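[1] Kindly return the folded structure for what I paste below:
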Amino acid sequence: MTTILGLSGSLRKASFNSALLRASLDLAPDGVTVEIGSIADVPLYNADDEARDGLPAAVQILQQQLATADALLLATPEYNNGIPGVFKNALDWMSRGEGGTAFRGKPVAVIGASPGGFGTTLAQAHWLPILRTLGTRPWFGAKLMVSRAGAVIEDGELKDEKIRAQLRDFLAGFAASF
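    Numbers count the residues shown, from 1 in each chain. Predicted coordinates:
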């Protein structure tokens, strides 16, 4: 069984990106499981806190999930033409200590949904230097940038069949790449 760890970069309960991840649970190909992790309890990074207390429990959980997963799927919002600070903060924490080595060589794909007309084009591009620095293997076999997400995601659920088919194909291509 192949496991993909999915992380949403939004803390919002009705997040479009969390809805994409939830849809991926049902749309993943046979033999692939998507496990959804949470960044909700990750505190702001502070090296003084880390030196005094070590890694927070929420970070240790994410590191363990990443270590046991075969791949990582980031569902990123786009805030002010870039990645959300809370999402970058979570990966910064995850890269700390011994658990941070789990990023090295890990296949990573990025998807995203936005209420705007351009999807998450700039946020997805913004992740590339970070993923390179972490030593991941970004997958460029397909793109999924859902624009005008409010029209295709209702009550926290991806309703649009065309986008569902695109997500299904995206997941199949990503899973076949590793």
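
[2] Need the residue closest to the centroid of the chain.
    The residue lying closest to the centre of the chain (Cα atoms, centre = their mean) is residue 74, at 1.6 Å.

[3] can you tell me how far that residue sits from residue 139?
    Going from residue 74 to residue 139 by Cβ to Cβ, to the nearest Å gives 11 Å. C-beta: built from backbone N, CA, C; applies to glycine.

[4] With residue 150 instead?
    In terms of Cβ to Cβ, residue 150 sits 27 Å off from residue 139.

[5] for residue 155, same thing?
    Residue 155 sits 30 Å away from residue 139, going by Cβ to Cβ.

[6] what about the two, which has more around it?
    In this view residue 155 and residue 139 are compared by other Cβ atoms under 10 Å, and residue 139 has more residues nearby, 20 against 7.

[7] Which elements pack onto the helix or strand in which residue 127 is found?
    Here residue 127 is covered by helix 121-133, with elements defined by DSSP states H and E. Contacts defined by 3 or more Cβ pairs under 8 Å, 6 or more residues apart in numbering; DSSP states H and E place helix 121-133 against strand 107-113, strand 137-138.

[8] What angle do strand 107-113 and it make with each other?
    Orientation check (axes from the mean of the first three to the mean of the last three Cα atoms, to 10 degrees): helix 121-133 against strand 107-113 gives 160 degrees.

[9] Buried ones in helix 121-133, by neighbour count?
    121-124, 126-127, 130-131 (16 or more other Cβ atoms under 10 Å).

[10] What mean pLDDT does stretch 118-134 get?
    For stretch 118-134, mean pLDDT is 97.

[11] how about that stretch as PDB, C-alpha atoms only?
    Extracted in PDB, the C-alpha atoms of stretch 118-134 (Å, rounded to 0.1, in the frame of the first residue of the first chain):
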ATOM      1  CA  PHE A 118      -5.800  32.500 -11.400                       C
ATOM      2  CA  GLY A 119      -6.000  29.600  -9.000                       C
ATOM      3  CA  THR A 120      -2.800  29.200  -7.000                       C
ATOM      4  CA  THR A 121      -0.300  29.700  -9.800                       C
ATOM      5  CA  LEU A 122       2.000  32.000  -7.800                       C
ATOM      6  CA  ALA A 123       1.800  30.100  -4.500                       C
ATOM      7  CA  GLN A 124       2.700  26.800  -6.300                       C
ATOM      8  CA  ALA A 125       5.700  28.400  -7.900                       C
ATOM      9  CA  HIS A 126       6.600  30.000  -4.600                       C
ATOM     10  CA  TRP A 127       7.000  26.500  -3.000                       C
ATOM     11  CA  LEU A 128       9.700  25.400  -5.500                       C
ATOM     12  CA  PRO A 129      12.800  27.000  -3.900                       C
ATOM     13  CA  ILE A 130      11.600  25.700  -0.500                       C
ATOM     14  CA  LEU A 131      11.000  22.200  -1.700                       C
ATOM     15  CA  ARG A 132      14.500  22.300  -3.400                       C
ATOM     16  CA  THR A 133      16.100  23.400  -0.100                       C
ATOM     17  CA  LEU A 134      14.400  20.600   1.800                       C
END
